[in-house]
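Enquirer: Here is a sequence with its predicted model. Questions after.
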Amino acid sequence: MKVTFPHMGPLWIPLKTVFEELGTEVVVPPPITKKTVTLGVRHSPEFACFPLKVNMGNFIEAMEHGADTIIMAGGTGPCRFGYYAEVQREVLLDLGYNSEIIVLEPPQGSLRGLLANIKRIANHKSWTEIWKVIQLGWQQIIALDELHKLSLKIRISEKEKGATTKAYEKAQVLMVDARTFAGVAQALEEGKELLHSVNQKQLIQPPLKIGIVGEIYMVLEPYANLEIERTLGEMGVEVDRSIYLGHWIKEHLLPKVFQPKDVEEIKRAALNYLDHFVGGHGLESVGQTILYSQRNFDGVVHILPFTCTPEIVAQSILPEVSKDYQIPLISFSMDEHSGRAGFITRMEAFLDLLSQKRESKKLSGAV
């Protein structure tokens, strides 16, 4: 068995660790490129979500490198993510790939179903061994989230454009080779040192602060979102991402006792605009936008895949939220046709608006 899985930010690192430590051979898909997207678009339904198309390209490239088993997450609710695996299975069969797709469905508060599927690819390891490996992967996820948050803070004041990104990528490489709890802790500390070693300049004034909300894949995968965090950071903007992998796992895969404290806070914030689950992260996009306003952020960027139903629901509500809470908002609906030039132009105009708004506040305060 040679397993593979889709790319979504640095998710491949803990997945590679978990499956290899369980004794399973892993074929990591090549990094996402234009070729990946082209393959995915060519062999996916025309109106499928952009993440499905990119995942499809990941799988085809991984099959070409010898993978024969795909590990894919499942989903519940109105979001079409729950159908991804079935669509992808039929497409791969039509292309002549006789691959197995193992779907890891959300356990809805119980780990039993999730662990039962993992047992199939664990080469008859004991539950004790499996649990230890899962804990190791979890430690990597938390460490990677911490490194990412630090990179966002360092990037806004880097002297050399791109230096933070290089340091962050080196930190990720360190994590790939960390296969013990002590090794992960050491890789985290060395990664922090790499990021803190980036030469920084003194900021003349406080940077603009922007929160990013939206569908999880589009927020976490740099290729899909046109590297929005790097782009904004290199423009001197402080970015805060509303979704992290560790947070999502705590909310959806672990018992409610481990649920993050802000889950209910987000729901309460959205209550007057959206009082029920609409699939994906639609409700969270609304609630987090309100919370960003309450935390005095200058603006919010909403990212969604074209045709994403849950985020379209949020997109229809967010202009009212923006008006009521006086927080500027810009929404990017992205697919394979999205271009960086137009994206940069819109973003620069949005930042000009935020700067003018901040200046107006200063002047009104002075008067």
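Expert: Yep, that arrived. Residues are numbered from 1 along each chain as shown.
Enquirer: Okay, buried residues for whichever strand or helix holds Ala341 please.
Expert: Element membership for Ala341, per DSSP states H and E: helix 340-366. Buried positions in helix 340-366, judged by neighbour count with 16 or more other CB atoms under 10 Å: 343, 347, 350-351, 354, 358. (Each C-beta comes from the backbone N, C-alpha and C, glycine too.)
Enquirer: for that helix, what is the average pLDDT?
Expert: For helix 340-366, the mean per-residue pLDDT is 88.
Enquirer: Check stretch 59-73 too.
Expert: So the average pLDDT for stretch 59-73 ends up being 93.
Enquirer: in it, what's buried?
Expert: Under 16+ other CB under 10 Å, the buried positions of stretch 59-73 are 59-63, 67-73.
Enquirer: Repeat that for stretch 121-130.
Expert: 121-122, 125, 130.
Enquirer: Which of the residues you listed fall within strands?
Expert: Per DSSP state E, strands hold no members of the buried residues of stretch 121-130.
Enquirer: pLDDT and distance to Val219 added to these, as JSON lines?
Expert: Output for the buried residues of stretch 121-130, formatted as JSON lines (pLDDT from 0 to 100; distance: CB to CB, whole Å):
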{"residue": "Ile121", "pLDDT": "79", "distance to Val219": "28"}
{"residue": "Ala122", "pLDDT": "81", "distance to Val219": "31"}
{"residue": "Lys125", "pLDDT": "86", "distance to Val219": "33"}
{"residue": "Ile130", "pLDDT": "88", "distance to Val219": "30"}
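Enquirer: and these, which of them are in helices?
Expert: Members of the buried residues of stretch 121-130 lying in helices (criterion: DSSP state H): Ile130.
Enquirer: Quickly name whichever of the buried residues of stretch 121-130 is closest to Asn272.
Expert: Ile130 (44.0 Å; CB to CB).
Enquirer: hang on, isn't that closest one packed against Ala122?
Expert: Yes. If you go by CB atoms under 8 Å, Ile130 and Ala122 touch, sitting 5.3 Å apart.
Enquirer: so what sits against both of the two?
Expert: Here Ile130 and Ala122 have Leu22 as joint contacts, going by CB atoms under 8 Å, 6 or more residues apart in numbering.
Enquirer: Around Tyr273, how many other residues sit close by?
Expert: Tyr273: 17 surrounding residues under other CB atoms under 10 Å.
Enquirer: And it, how close does it get to Asp324?
Expert: Tyr273 sits 9 Å away from Asp324 when distances are taken as CB to CB, to the nearest Å.
Enquirer: Quick one: low-confidence residue ranges for the stretch 101-250 of the chain.
Expert: 106-115 (pLDDT under 70).
Enquirer: For it, just list every one of the strands.
Expert: Secondary structure of the stretch 101-250 of the chain by DSSP state E, counting those that start in this stretch: the strands cover 209-214, 238-241.
Enquirer: The shortest one pairs with which strands?
Expert: Read it as strand 238-241. The pairing partners recorded for strand 238-241 under DSSP bridges are strand 209-214 (parallel).
Enquirer: which residues touch the partner strand?
Expert: Contacts with strand 209-214, where a contact means CB under 8 Å, 6+ apart, come from 219, 228-229, 232, 237-243, 281, 284-285, 288-289, 292, 296-304, 311, 314, 354.
Enquirer: Would you confirm that Phe5 contacts Ile13?
Expert: No. In this structure, Phe5 is not within contact of Ile13 by CB under 8 Å, at 11.4 Å.
Enquirer: who has more neighbours, those two?
Expert: Using other CB under 10 Å as the criterion, Phe5 and Ile13 rank with Phe5 on top: 26 against 21.
Enquirer: For the more buried one, which non-adjacent residue is closest in space?
Expert: Nearest residue to Phe5, sequence neighbours excluded (CB to CB, 6 or more residues apart in numbering): Ile71, at 4.5 Å.
Enquirer: Tell me who's in contact with the one you found.
Expert: So Ile71 contacts 3-5, 15, 19, 102, 104, 121 (CB under 8 Å, 6+ apart).
Enquirer: Can I get those in CSV including distance to Gly339?
Expert: Below are those laid out as CSV (distance: CB to CB, whole Å):
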residue, distance to Gly339
Val3, 34
Thr4, 29
Phe5, 28
Leu15, 31
Phe19, 36
Ile102, 36
Leu104, 34
Ile121, 39
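Enquirer: Which of the residues you listed sits closest to Leu92?
Expert: Taking CB to CB as the measure, Leu92 lies nearest Thr4 of the contacts of Ile71, at 11.4 Å.
Enquirer: quick one, phi/psi of that closest one?
Expert: Main-chain torsions, Thr4, degrees, to the nearest 10: phi -140, psi 180.
Enquirer: can you tell me which residues contact it?
Expert: Applying CB under 8 Å, 6+ apart to Thr4 gives the contacts 26-29, 58-59, 62-63, 67, 69-71.
Enquirer: If we use 10 Å, what do you get?
Expert: Neighbour list for Thr4: 12, 15, 19, 25-29, 58-59, 61-63, 65-72, 99 [criterion: CB atoms under 10 Å, 6 or more residues apart in numbering].
Enquirer: same check, this time on Gly183
Expert: Contacts of Gly183 by CB under 10 Å, 6+ apart are 136, 139-140, 174-175, 177.
Enquirer: what's the closest of these to Lys159?
Expert: Leu174 (23.2 Å).
Enquirer: hang on, isn't the closest one packed against Leu194?
Expert: Yes. If you go by CB atoms under 10 Å, Leu174 and Leu194 touch, sitting 8.0 Å apart.
Enquirer: Next, show the common contact partners of the two.
Expert: Leu147.
Enquirer: between these two, who's got more neighbours?
Expert: Counted by other CB under 10 Å, Leu174 and Leu194 do not tie: Leu194 has more neighbours, with 22 against 19.
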